[in-house]
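Undergrad: Have a look; sequence and predicted model below, questions after that.
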Amino acid sequence: MVLTSASSVLISPFSFPSRKKPLVACPTIPPTKEPSQWFQFPSRNLRPTPFRTLKCLSRRQSTEEFERLFSNLNQATMKREPGSVTSAIFLVAGTTVGAGILAIPAVTQEAGFLASAITCILCWIYMVVTGLLIAEVNVNTMCELGSGGVSLVSMAMRTLGKIGVQIACVSYIFIHYALLVAYVARSSEILTNSFGIPLWESATLFSLVFGGICYFGSQQVIGAINGCLVFGIIVSFASLVGVASRDLQWHYLLQAHVEAIPQSIPIIALAFVYQNVVPVLCTNLEGNLSKVRTAIVLGTAVPLVLFLIWDAVILGTIPNLSASSSYVSDPLELLRSNNGIIGPIVEAFSFLAIATSYIGFVLGLSDFVSDFLVLFGVIPAAMSWSERYSDGSQSPRLPPLVPGGKLTLSIVLGGALVVIFSEIYKDVINQ
């Protein structure tokens, strides 16, 4: 058994025989003799400790299957609080289901329902595989580093090297900035149209409420709130489908134009983006690969069903939608113009879908930012400042390796903050 903590402290491990396999330990982690010597180190909200699930690769290429990699502990009670598979499924589903689902028929209308349905299923399989690959690398990185909460930065550094981690960081930040800005902008627009409050106040309110939930909420609180939001998505979606499907013509769904499939693949694949929360799943589910696999497959299956239903409702309602002579730039807007009830339901669904996606992306971004700030120099300067000038520390200190005192640390910290906020200003404020 291997004991680890979220604070990247490796704890004395030990191994035990499996029912089916010989005794195997994780590479680079030596076993101890006494399985009773367990230590559990606290970290932020829930902390990973001992280890019992996963297949750790030995030097002889044999595997050992464990129940879980570590245990999540409550900071106050120090009792184990295992992650819920149901909450993990809701997290994946909520992150995947965005307001963009309503725009899918606009890009699939030329292909027709049959062709677009096959494309959706193939894209779903592909995205499930990519999520499982990330989970595999994430848990193996936890096993090797002896720590929980492993982010994309740590995985890329371990597997791709310095150049790979730089490319991964730039791509990751660009995608997250773009999506988070889009989420806040669209949600604030909905709030402004619904309640008449100024746009900037709507954006601030949305960010404070849902950002505060992600920052201050425990794993259980966030899971419960996200589950309620996903339930609201399903209810509003069912209402939307019920109203929109009154004029459904089943024979419209038999149309298929294979030549139009390629142009719809990028949009459909983008609708299944959830991979940013996979490291969060691996930590919440204590490195249990079986539970992680279940959460990914079922969590993405829910959006797949919603995509197929909505695509069928729209493409089966508007006659000859796939014919090039009858192309409709926005089928949803056409549906709105024909039925006044559609508008409020669409707004409610869009807001809930944006909220769940926002929560998923913020959670996925938290561990990444933690590692990324280390690369930018914020954390090293802050830690050194605290160690050098904190009155609470009575331990003897070695001579500083970097001269200059507070001036040097201020320059390092200020330079990092200038780079970070200049990028935020360029990518967010100027949008």
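TA: Received, thanks.

Undergrad: so where do the strands sit in the stretch 51-200 of the chain?
TA: Here the stretch 51-200 of the chain has its strands, by DSSP state E, counting those that start in this stretch, at 54-57, 63-66, 73-74.

Undergrad: And those, which one averages the lowest pLDDT?
TA: For those, mean pLDDT drops lowest on strand 54-57, to a mean of 41.

Undergrad: Now do the same contact list for V107.
TA: Q263, S264, I267, I268 (CB atoms under 8 Å, 6 or more residues apart in numbering). From N, CA and C alone the C-beta is placed, and that goes for glycine too.

Undergrad: Find the least confident helix or strand in the protein, judged by mean pLDDT.
TA: strand 10-11 (a mean of 34; mean pLDDT, DSSP states H and E).

Undergrad: Put the alpha carbons of stretch 244-260 into PDB.
TA: Taking Å, rounded to 0.1, in the frame of the first residue of the first chain, the C-alpha atoms of stretch 244-260 are listed here in PDB:
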ATOM      1  CA  ALA A 244     -40.700  21.900 -29.600                       C
ATOM      2  CA  SER A 245     -41.700  18.400 -30.600                       C
ATOM      3  CA  ARG A 246     -45.400  19.000 -31.100                       C
ATOM      4  CA  ASP A 247     -45.000  19.200 -34.900                       C
ATOM      5  CA  LEU A 248     -42.300  16.400 -35.100                       C
ATOM      6  CA  GLN A 249     -42.400  14.500 -38.400                       C
ATOM      7  CA  TRP A 250     -40.600  11.200 -38.000                       C
ATOM      8  CA  HIS A 251     -39.900  10.700 -41.700                       C
ATOM      9  CA  TYR A 252     -37.800  13.900 -41.700                       C
ATOM     10  CA  LEU A 253     -35.300  12.000 -39.500                       C
ATOM     11  CA  LEU A 254     -34.500   9.500 -42.200                       C
ATOM     12  CA  GLN A 255     -32.600  12.000 -44.300                       C
ATOM     13  CA  ALA A 256     -28.800  11.500 -44.500                       C
ATOM     14  CA  HIS A 257     -26.200  13.300 -46.500                       C
ATOM     15  CA  VAL A 258     -22.800  11.800 -45.800                       C
ATOM     16  CA  GLU A 259     -20.900  14.300 -47.800                       C
ATOM     17  CA  ALA A 260     -21.900  17.100 -45.300                       C
END
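
Undergrad: now what about that stretch, what contacts it?
TA: By CB under 8 Å, 6+ apart, stretch 244-260 touches 110-115, 312-322, 335, 339, 342.

Undergrad: Dump the contacts of V107 to TSV, plus pLDDT.
TA: Output for the contacts of V107, formatted as TSV (pLDDT from 0 to 100):
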residue	pLDDT
Q263	81
S264	82
I267	80
I268	85
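
Undergrad: okay, those in TSV with secondary structure and neighbour count next?
TA: Converted to TSV, the contacts of V107 look like this (DSSP: H, G, I helix; E, B strand; the rest coil; neighbours: other CB atoms under 10 Å):
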residue	secondary structure	neighbour count
Q263	helix	12
S264	helix	21
I267	helix	15
I268	helix	23
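
Undergrad: Save these as a markdown table, and put in distance to N193 too.
TA: Below are the contacts of V107 laid out as a markdown table (distance: CB to CB, whole Å):
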| residue | distance to N193 |
| --- | --- |
| Q263 | 31 |
| S264 | 29 |
| I267 | 25 |
| I268 | 28 |
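
Undergrad: out of the residues you listed, which one sits closest to S202?
TA: Proximity of these to S202 (CB to CB) peaks at I267, which lies at 27.2 Å.

Undergrad: wait, that closest one sits on I101?
TA: No: contact status for I267 versus I101: not in contact, 10.7 Å apart, counting by CB atoms under 8 Å.

Undergrad: so what sits against both of those two?
TA: In contact with both I267 and I101: no residue, using CB under 8 Å, 6+ apart.

Undergrad: can you pull out the helices in the stretch 201-350 of the chain?
TA: With helices called from DSSP state H, counting those that start in this stretch, the stretch 201-350 of the chain shows them at 219-244, 265-270, 278-284, 289-315, 331-338, 342-376.

Undergrad: which of the ones you listed sits most buried?
TA: helix 278-284 (a mean of 28; mean count of other CB atoms under 10 Å).

Undergrad: Report all helices and strands that the top helix by length along the chain contacts.
TA: Assignment by DSSP state H gives helix 152-195 as the longest helix of the chain. Counting contacts by 3 or more CB pairs under 8 Å, 6 or more residues apart in numbering; DSSP states H and E, helix 152-195 is packed against helix 113-145, helix 199-216, helix 342-376.

Undergrad: Now do the same for the last one: mean pLDDT, whole number.
TA: Here the mean pLDDT over helix 342-376 is 78, rounded to a whole number.

Undergrad: and the direction of it versus that of helix 199-216, what angle?
TA: Put simply, helix 342-376 runs at 60 degrees to helix 199-216, going by axes from the mean of the first three to the mean of the last three CA atoms, to 10 degrees.

Undergrad: looking just at contacts, which helices and strands does helix 342-376 meet?
TA: helix 85-96, helix 152-195, helix 199-216, helix 219-244, helix 278-284, helix 331-338, helix 378-389, helix 405-424.

Undergrad: The first one too?
TA: If you count contacts as 3+ CB pairs under 8 Å, 6+ apart, helix 113-145 packs onto strand 54-57, helix 104-108, helix 152-195, helix 265-270, helix 278-284, helix 289-315.

Undergrad: Is it possible to get CSV of these that adds distance to A203?
TA: Formatted as CSV, these follow (distance: least, CB to CB, whole Å):
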stretch, distance to A203
strand 54-57, 41
helix 104-108, 26
helix 152-195, 4
helix 265-270, 23
helix 278-284, 25
helix 289-315, 26
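
Undergrad: Let me know which of the ones you listed is the nearest to V243.
TA: helix 289-315 (9.6 Å).

Undergrad: residues in contact with the nearest residue to G364 once chain neighbours are set aside?
TA: Spatial nearest neighbour of G364, excluding adjacent residues (CB to CB, 6 or more residues apart in numbering): N276 at 3.3 Å. Contact analysis of N276 by CB under 8 Å, 6+ apart lists T95, L152, Y172, H176, G360, F361, G364, L365, F368.

Undergrad: Now flag whichever of those is closest to L133.
TA: L152 (12.7 Å).

Undergrad: Run through the stretch 301-431 of the chain and note the low-pLDDT ranges.
TA: For the stretch 301-431 of the chain, applying pLDDT under 70 flags the ranges 319-330, 367, 369-388, 390-403, 409, 413, 415-431.

Undergrad: Check the gap between the residue nearest to S239 when sequence neighbours are not counted and S236 for me.
TA: Of all residues not flanking S239 in the chain, I345 sits nearest, at 5.3 Å (CB to CB, 6+ apart). Applying CB to CB, to the nearest Å, the value for I345 to S236 is 6 Å.
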